[in-house]
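[1] The amino acid sequence is not available; the structure is as follows:
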């Protein structure tokens with residue numbers, strides 16, 4: 001697996017877990033999917049325990065990104081929930097998990113990862129500096145647009161799809177996860 005794909009996976013994991021828990025900065029070991037997320041564990045170790053991210057974990061495994069997202073990072077991962085994957089057109093997830101579609105799966109997963117450790121406050125500062133929007137370069141080479149809507153962090157993908165951070169700032173040993181309510185799709 002190339003370095004870019006590994007970096008994308010790390011960033012996706014970190015962003016997904018971090019964006020969904022806005023008050024996680026003050027909360028020790030916030031819960032995601034019914035399980036505590038420990039700051040001394042990496043993105044993969046914590047994601048494995050979240051009942052809300054079993055589809056994401058299966059996809060990360062199928063894409064061969066476990067080692068990447070377990071690496072030093074740091075990564076910001078925007079992590080779609082099982083419900084987010086279920087909202088995709090029927091059969092999409094099953095098709096993506098097939099070995100012959102691994103490249104496409106890697107591209108989608110790494111599109112959810114940004115290099116570095118961006119807390120929700122960091123993203124908010126970038127949005128303010130950008131006059132209401134911020135462009136986040138993903139590990140896949142794509143761009144996510146971040147903005148605020150009614151006090152919530154919203155990401156817009158290259159196809160115009162939107163995902164809202166439902167749990168932000170879930171800090172990991174190798175980054176941060178922001179939980180999101182939709183799967184983001186690159187061009």
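    Structure received. Bear in mind that the values here come from a model prediction, so they are computed numbers and not experimental data.

[2] tell me what the helix or strand harbouring residue 76 is packed against?
    Assigned by DSSP states H and E, residue 76 belongs to strand 75-80. The contact analysis (3 or more C-beta pairs under 8 Å, 6 or more residues apart in numbering; DSSP states H and E) places strand 75-80 against helix 3-19, helix 43-47, helix 54-62, strand 113-115, strand 162-172, strand 175-180. (Each C-beta comes from the backbone N, C-alpha and C, glycine too.)

[3] Mean pLDDT lowest where, among those?
    For those, the weakest mean pLDDT is recorded on helix 3-19, namely a mean of 38.

[4] Verify the stated contact: residue 53 with residue 83.
    No. Here residue 53 does not reach residue 83: they are 10.5 Å apart, not a contact under C-beta atoms under 8 Å.

[5] More neighbours: which of the two?
    Higher neighbour count among residue 53 and residue 83: residue 53, with 28 against 12, using other C-beta atoms under 10 Å.

[6] Give me the distance between the more buried one and residue 47.
    5 Å (C-beta to C-beta, to the nearest Å).

[7] Same question for residue 155.
    18 Å.

[8] which of those two has more neighbours?
    More crowded of residue 155 and residue 47, by other C-beta under 10 Å: residue 47, with 29 against 24.

[9] Now do the residue most central in space within the chain, the pLDDT please.
    The chain has residue 78 as the residue nearest its centroid, 1.9 Å off, counting by C-alpha atoms, centre = their mean. Predicted confidence (pLDDT) for residue 78: 95.

[10] Next: the one 10 residues further on.
    The predicted local confidence for residue 88 comes out at a pLDDT of 90.

[11] and it, that's in a strand?
    No. Read with DSSP: H, G, I helix; E, B strand; the rest coil, residue 88 is coil and lies in no strand.

[12] For residue 162, grab the count of nearby residues.
    Burial of residue 162 is recorded as 15 neighbouring residues (other C-beta under 10 Å).

[13] what's the spacing between it and residue 136?
    Residue 162 is 14 Å from residue 136, by C-beta to C-beta.

[14] quick check, residue 146 in a helix?
    No. Assignment of residue 146 by three-state DSSP gives strand, placing it outside any helix.

[15] you'd agree residue 71 is up against residue 175?
    No. Applying C-beta under 8 Å, one finds residue 71 not in contact with residue 175, separated by 9.8 Å.
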